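Engineer: following is a predicted model, sequence given first.
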Amino acid sequence: MSESAVEENQKRARQHVLGCGERAREHQLSHHRWRFWSAILTGLGAVFGALAGGTLLAAAETGTAWSYVAGALGALGAAAIALDAQLGLKAQAEAHRRAATGFWTLRTAYYDLAHLTTPTAEEARTKLDDLTARKAELEENSPMTEPWAQNRRARQRAAAREASS
C-alpha cells in the first residue's frame, strides 16, 4: 500500500483519539454527578436515622411529643435510603465509571496507532478496524451520557480554545 494509505489510517486514528477522549470525559462527569447524589441521599438517611434515635431517647425520658418528631425523622431517613436504592444511583455511577475507563483505554490504543507505532498500511487498517469494532461495542453497552454532561464538556472545550488563543 502507498504512503497516503498509511497517512489516511493515522488520520482516522487521530480522529478516534479525540472522540474517545470526549466520550470518556463526559462519562467521568456523569459518574461524578451520580456518585455525588448517591452520597447525599445516603448521608441524609444516616443523619436522619441518627437524629431519630436521639429524639426517640429524649421522648422516652420526657414523655412528650418528641416521639412524633423521631418517627418523622426516621421516616425521612428511610425514604432517602430507599430512594437511593430505587433510583440505582450507585449502579449508574459505576456504569459511567466503567464506560469512561473503556473509552480511555480505546483512546490510548488509537493514540498508539496514530503516533507511536509504524505498522504497514495493511496492519494499521486491520488494527483500526478492530479498534473501531471494539468502540462500537463499547458505545452499545455503555449508558448514554446526559445532555448536561455533553453541554458542560462543550463549554469546557470552548473555554480551553479561548484560553489558548
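Structural biologist: Sure, I can see it. Numbers count the residues shown, from 1 in each chain.
Engineer: helix or strand with the lowest mean pLDDT in this protein?
Structural biologist: Lowest mean confidence among the helices and strands of the chain (mean pLDDT, DSSP states H and E): helix 66-87, at a mean of 82.
Engineer: buried stuff in that one?
Structural biologist: Buried residues in helix 66-87, counted by 16 or more other Cβ atoms under 10 Å: 66, 69-70, 73-74, 76-77, 80-81, 84. Bear in mind the C-beta positions are built from the backbone N, C-alpha and C, glycine included.
Engineer: turn the residues you listed into CSV, including distance to residue 106.
Structural biologist: Formatted as CSV, the buried residues of helix 66-87 follow (distance: Cβ to Cβ, whole Å):
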residue, distance to residue 106
66, 58
69, 54
70, 53
73, 48
74, 47
76, 44
77, 42
80, 37
81, 36
84, 31
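Engineer: could I get the pLDDT score of residue 11?
Structural biologist: For residue 11, the model assigns a pLDDT of 87.
Engineer: brilliant, that's me finished.
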